[in-house]
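>>> Just need the structure, nothing else, for what follows:
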Amino acid sequence: MLGLVLVLLVLWIIGGIAGLLLKGVLWLFWVSLVLFVITAVFGFVRGLFSGKRS
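Numbers count the residues shown, from 1 in each chain. This is a model prediction of the structure:
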């Protein structure tokens, strides 16, 4: 699961950079930014609740 979250985060970063570099697709940057934040929060929450309980 961690691997999937990391791959998605990298893809969102690449999409955001492409959105900034390519003229006319600034919307791609904003979509990538929102997806990055959602994925990061999801991964953080999953990490909190999947930890070992002592």
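>>> Below-threshold pLDDT in this structure: ranges please.
51-54 (pLDDT under 70).
>>> Identify each of the strands in it and give its residue range.
For the chain, strands defined by DSSP state E do not occur.
>>> For the chain, which segments count as helices?
2-21, 26-49 (DSSP state H).
>>> for the shortest one, which positions count as buried?
Going back to what we said before, that points to helix 2-21. 5, 8, 12, 15, 16, 19 (16 or more other Cβ atoms under 10 Å). Using the backbone N, CA and C atoms, a C-beta is placed for each residue, glycine as well.
>>> Could you measure from the first one over to residue 24?
Read that as residue 5. Counting by Cβ to Cβ, to the nearest Å, the gap from residue 5 to residue 24 is 30 Å.
>>> Spatially central, which residue of the protein would that be?
residue 36 (2.6 Å; Cα atoms, centre = their mean).
>>> quick one, what contacts that one?
By Cβ atoms under 8 Å, 6 or more residues apart in numbering, the contact set of residue 36 is 9, 12, 13, 16.
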